[in-house]
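Trainee: sequence first, then the predicted structure:
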Amino acid sequence: MAFDPQREDYQRLGLRFAQTLDGTDAASATHSFASFGRRFAHDRDSLPQSDADRAFHLVAMATKLIDYQLPFADDETAKELIASGHRLLDEALVLDPHCYDAIRMKIAAQAPTFEEFLGFLRDQADEVRAHCERQQQAQATGIDSERSRLRADLAMRPYLRWLSTQAEQALICGRNREALALALECLRIDPHDVADARFSVALAYAKLEDEAGLDSFVDRLQQHGSMRPANDAWTLLSRLAMRFKALDTEGAQDWVSELIRTYPHAAEALIRQTELPVGIFARISTVPYSEDELIVAISEATILLQEGVDPMERGALGTWLATEVARQQPQAMLAIMSEQQRQQNGRRA
Amino acid sequence: MRGNEELIQRLALKRRRQLGSMSEEAYAELELAVREDPMRFVDDDEDEAFRLVVQALAQIDERQHDDDLLDDAQYLEERTRRLGALGNACAHALELDENCVDAALLLTLSKDLSPNMALEALLELERNVNTREGAVEPSVAGDAWTNVFERPRLRLSDSIARLCLCTARYRVARDRCVDMLAKAPLDVLGARLTCVLAMARLEDEDGFHWLEARESHRGNAWFHLGRALLMYKLGRMPAARRAIRGFDRLCVGGAYALLQPVFVDLYLPDRPAFEPQTFTESVLAVHEADPIISDVPDFAAWTCDQPGFLASAQDYARRNGMGWREWEQ
C-alpha cells in the first residue's frame, strides 16, 4: 500500500471540500464536486483548507523533490533539490508547528548518526501520538461514517509514519527486538497496514533468526484476508536469509527461485544489491511486484545481506546470493558484465 | 592446540591398550617414557599422521616469532608459504591415515577459503566423520574432552561454530555451542565464548544469563563485551554503560583493541592460547565480536562517548608504545 503523499494531499482537501457541501442539495453538490479535481490541480488556493492542510501540501512537494527526484539527480541539481526541499519543510513548519512529518523529515536529513535519529524519534513519539489522537478525536464527529473513518485514518498517519520510521531505524541500529516491537505496534494501531510495517516485522524476525515467529505472524495476518499474500520481496528475502542462516542451502535456493519467479528482472537486482538512500517521508512507494519494489526491498535487506565476514566485502549472504543467482540465471550476470564493460569504455572514450 | 601433549597421551594410551591392565604408577612411568622419546612409540600410520600434524603446527608456531620484523608484503609471502607447508604436511598425513580429522580440518583451513566456503567444507567433513564414527558422546567421566581421541572432533565442531558466527549464522552457532557445552562441560576449547557473542547478537537475554550463571559471573573479555552489546541492543543504556566500563577496567587494553583494529590471523585450528586478563585476550574477543560490532553501526562511537573510554585506549597506546590512528566519528 505504502504512503503516497500526493494522494494523501488530495484526500485531505477532498474531505474538507466535501464537508462544505454538507447540507446543500444533491444536484449542486455533484456539480461542485465535479470541479474539485480541476481546482485541486490548477487553483488550489480557491479550495477551503487549513494551515495544516497547506503544510502537508508543502511536505508532499518536498517529498517529491527529496525522495523521488534526488536519487536520480547529478551533483549540482542535487544541491538545489535538497535546498528547495528544506525550504518547503521550513515553510510547512511555519504554517503548522505540529507538522510532525516535516519535523521528522528535517531531523532525518540532519541527524549526524542513525542512533541520534532513532533517539529523537523515540523521545518525541508520545507527543506525536497524543497530537494525532487529539486530531483523530476532533474528526470523529462527522455524520457520514465512511468519510469520518477516512478523516480519522488520515489524522493518525503522521504517527504511523513516525512509528514505522522508528522501526526501520531501530533495525539499522541493530536493535532488532525494539524494531520488532515497534513494527508490531504499528500493525496493532493500523491492522490494514498502510505503513507496510509487516515488511519490517519480516526483516526483524530474520535478524533474530526466528522462523517460527515469522510463520505464526504470517498466519495471523493471512487470517485478515484483506492483505496481499506474504510473497512480497521483504518476506521472501527474510525467508531466504533464515534458510541460509540455518545452513539449508537447498531451502535458500528455493527462495531465490521464488524471488526470480515473482519479480521481473529479479536476477539482475539480486546480483547488484544496490543500496539506496532511505525515503525520508516514508518507504518509497512502488507498484507491488514491480522491479522497483524488489530493488527497494533488497536495499532494506542490506542489514541481512551484508552481515558477516566475507573477502568480497558484500557480506556472507550477499556474496552467496549473487553467486547463486548467477548460477541459476547466467544471462543476468552476462548482462551486468557487458553493461559494466560499456560504462568503462564510455569513460575511456 | 597443545599438540605435543595430546600426541604423548595418545601414544601412551594406545600402548597401555596393547599391554593390557596396568597400575596407575606403571602408566605414569609409561607416559614419562613416551614423553622422553615419542618416536619410539609411534606404531602405525594413524600415530604417524597425527605426529606429522603436530609437527607442522609446531613449525608454524616457531616461525611466528619473527613476524614482527617483516613488512606487509613479506608477511603475506611468508604467510602463504607457511599455510602451503601446513597444507602439504596435512595432505601427507591424510595419505597415511585418511581418517585423521585434525589433518583434514587443517588442510581445509590452510586453503584460506572464504569463511562461507570453509564452513561448507568442514560441515561435509563432519558429516563424513559422524557417518563413520557416530556422534560425539560425553565420556564416562562426563566430559568428552577427557577422551583424547575425541578431541579432534571437538576441535572440528569448535571451528564450525566460529565459522557459523562469522558468517552470520547466530542461532546455529549458539545451538552448536550449547550442545558442545553439554558434551564437554570443561569447555577447554571455549565454546562458551563463541556462544556468548551469538547470544548477544540474537538479543537472547535468557541464554545470556544462563551462560553468565554457568560461568559463576566471572566473565572475561567475551562476556564483558557481549554484555555491553546485548544491553546496548536491548536499549538498557545504564546497564550497557556499566558493562562497557567493566570491559575497559577489567580487560587489558580492551578499549584500545575495540577502537584500533588489530590484525588477527586464522585460528589453526583452535583459538590461540591466551593468559587470562592479557591484551591478547582482549584482542581475540574484539576480533571475534567484530561482525557483531559492525552490525550495530554506532556502537563504537558510543563507547567513545563514555567518560574515560577513549582516554583509556589512548593511554594504553602511549604506555605500550603502540600506534594511534585518529578515530573518525
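Mentor: That came through fine.

Trainee: quick one: low-confidence parts of chain B?
Mentor: Within chain B, the stretches with pLDDT under 70 are B:138-140, B:327-329.

Trainee: so which residue is dead centre in it?
Mentor: By Cα atoms, centre = their mean, chain B has its centre lying nearest to B:Arg271, at 2.1 Å.

Trainee: nearest residue to it other than its sequence neighbours?
Mentor: Leaving aside its sequence neighbours, B:Arg271 sits nearest to B:Gly190 (Cβ to Cβ, 6 or more residues apart in numbering or on different chains; 5.6 Å). For every residue, glycine as well, the C-beta is placed using N, CA and C.

Trainee: so how far is B:Val196 from the one you found?
Mentor: 10 Å (Cβ to Cβ, to the nearest Å).

Trainee: looking at these two, which one has more neighbours?
Mentor: B:Val196 (31 against 21; other Cβ atoms under 10 Å in any protein chain shown).

Trainee: the more buried one touches B:Phe208, doesn't it?
Mentor: Yes - when contacts are counted by Cβ atoms under 8 Å, B:Val196 is listed as touching B:Phe208 (6.8 Å).

Trainee: for these two, list the residues in contact with both.
Mentor: B:Gly226 (Cβ atoms under 8 Å, 6 or more residues apart in numbering or on different chains).

Trainee: for A:Ala108, give me its contacts.
Mentor: If you count contacts by Cβ under 8 Å, 6+ apart, A:Ala108 has them with A:Phe117, A:Thr165, A:Val278, A:Ile280.

Trainee: want to throw those residues into JSON lines with distance to chain B, pLDDT and secondary structure?
Mentor: As requested, these are exported to JSON lines (distance: Cβ to the nearest Cβ, whole Å; pLDDT from 0 to 100; DSSP: H, G, I helix; E, B strand; the rest coil):
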{"residue": "A:Phe117", "distance to chain B": "10", "pLDDT": "96", "secondary structure": "helix"}
{"residue": "A:Thr165", "distance to chain B": "17", "pLDDT": "97", "secondary structure": "helix"}
{"residue": "A:Val278", "distance to chain B": "13", "pLDDT": "88", "secondary structure": "coil"}
{"residue": "A:Ile280", "distance to chain B": "18", "pLDDT": "93", "secondary structure": "coil"}
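
Trainee: tally of neighbours for residue 170?
Mentor: In the absence of a named chain, this looks at chain A. For A:Ala170, using other Cβ under 10 Å, the count is 27.

Trainee: could you do chain B instead?
Mentor: With other Cβ under 10 Å as criterion, B:Tyr170 counts 27.

Trainee: for the helix or strand hosting B:Asp47, which positions count as buried?
Mentor: Following DSSP states H and E, one finds B:Asp47 within helix B:45-64. By 16 or more other Cβ atoms under 10 Å in any protein chain shown, the buried positions in helix B:45-64 come out as B:Glu46, B:Asp47, B:Glu48, B:Ala49, B:Phe50, B:Arg51, B:Leu52, B:Val53, B:Val54, B:Ala56, B:Leu57, B:Ile60.

Trainee: of the residues you listed, closest to A:Cys173?
Mentor: Within the buried residues of helix B:45-64, proximity to A:Cys173 (Cβ to Cβ) peaks at B:Ile60, which comes in at 40.7 Å.

Trainee: so is the next helix or strand after the helix holding B:Asp47 next to chain A?
Mentor: Per DSSP H and E, helix B:45-64 leads on to helix B:72-96 as the next helix or strand towards the C-terminus. No - judged by Cβ under 8 Å from any Cβ of the partner chain, helix B:72-96 makes no contact with chain A; its nearest approach is 13.9 Å.

Trainee: next one: helix B:72-96 to chain centre, how far?
Mentor: Its chain's C-alpha centre and that of helix B:72-96 lie 20 Å apart, by Cα atoms, centre = their mean, to the nearest Å.

Trainee: try stretch A:167-181
Mentor: 15 Å.

Trainee: how about the residue nearest to the centre of chain B, secondary structure?
Mentor: coil (DSSP: H, G, I helix; E, B strand; the rest coil).

Trainee: equivalent analysis for the one 4 residues further on, please.
Mentor: Assigned with three-state DSSP, B:Glu275 falls in the coil class.

Trainee: what packs against the strand or helix carrying B:Leu225?
Mentor: Taking DSSP H and E as the definition, one finds B:Leu225 inside helix B:221-233. With contacts taken as 3 or more Cβ pairs under 8 Å, 6 or more residues apart in numbering or on different chains; DSSP states H and E, helix B:221-233 sits against helix B:191-201, helix B:205-214, helix B:237-250, helix B:254-259, helix B:279-294, helix B:299-305.

Trainee: wait, B:Leu193 sits on B:Gly219?
Mentor: No - look at B:Leu193 against B:Gly219 with Cβ under 8 Å: they stay out of range, at 10.1 Å.

Trainee: A:Glu80 - how many residues pack around it?
Mentor: Neighbour tally, A:Glu80, other Cβ under 10 Å: 12.

Trainee: what does the one 4 residues further on give?
Mentor: Here the number of neighbours of A:Ser84 (other Cβ under 10 Å) works out to 15.
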